[in-house]
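S.K.: with the sequence up front, the predicted model follows.
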Amino acid sequence: MNQLTTTTGEHPADGSPTFAVRGPAGAIEYDVLGNHVRVIDDSGEVIDAMGKAFYTRMREYVDLGDNDAVFAALTDLYRTDLAGGAL
């Protein structure tokens, strides 16, 4: 059973896209407006932010309209950074 959910939304400041992968260990979120990725643990604390090379790749996927690639990258991060490869 897949315990992960993927969602898209709009940033409240300007309506730009947001993407998230959520599961029992926390969430990985990408915000197009700020062009950053956050790793959030299950308590809601931001425990990491990704470097420029990663979020630049994410922005390229968004610009191409490839939401599947965005969610695949966020899911991989969830598995390695939050779930310890368990999912």
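M.R.: That came through, no problem. Numbers count the residues shown, from 1 in each chain.
S.K.: where does the protein dip in pLDDT?
M.R.: Within the chain, the stretches with pLDDT under 70 are 1-2, 51, 85-87.
S.K.: so what touches stretch 64-82?
M.R.: 4, 6, 8, 19-21, 23, 25-30, 37, 39, 41, 48, 50, 54, 57-58, 61-62, 85-87 (CB atoms under 8 Å, 6 or more residues apart in numbering). Quick note: C-beta positions are derived from backbone N, CA and C, even for glycine.
S.K.: got the buried residues for the helix or strand hosting Asp68?
M.R.: Using DSSP states H and E, Asp68 maps to helix 67-77. Neighbour-count burial for helix 67-77 flags 70-71, 73-75, 77 (criterion: 16 or more other CB atoms under 10 Å).
S.K.: from these, which single one is nearest Asp14?
M.R.: Closest to Asp14 out of the buried residues of helix 67-77 is Val70 (18.3 Å), distances taken as CB to CB.
S.K.: and that closest one, how far is that from Glu45?
M.R.: Separation of Val70 from Glu45 (CB to CB, to the nearest Å) stands at 23 Å.
S.K.: what of Thr6?
M.R.: With CB to CB as the criterion, Thr6 and Glu45 are 21 Å apart.
S.K.: for Gly26, list the residues it contacts.
M.R.: Going by CB under 8 Å, 6+ apart, the list of residues near Gly26 reads 39-42, 47, 78, 82.
S.K.: which of those are buried?
M.R.: The buried subset of the contacts of Gly26 (16+ other CB under 10 Å) comprises 39-40, 78, 82.
S.K.: what strand or helix carries Val39?
M.R.: Per DSSP H and E, Val39 falls inside strand 36-41.
S.K.: tell me the angle of that strand relative to helix 67-77?
M.R.: 40 degrees (axes from the mean of the first three to the mean of the last three CA atoms, to 10 degrees).
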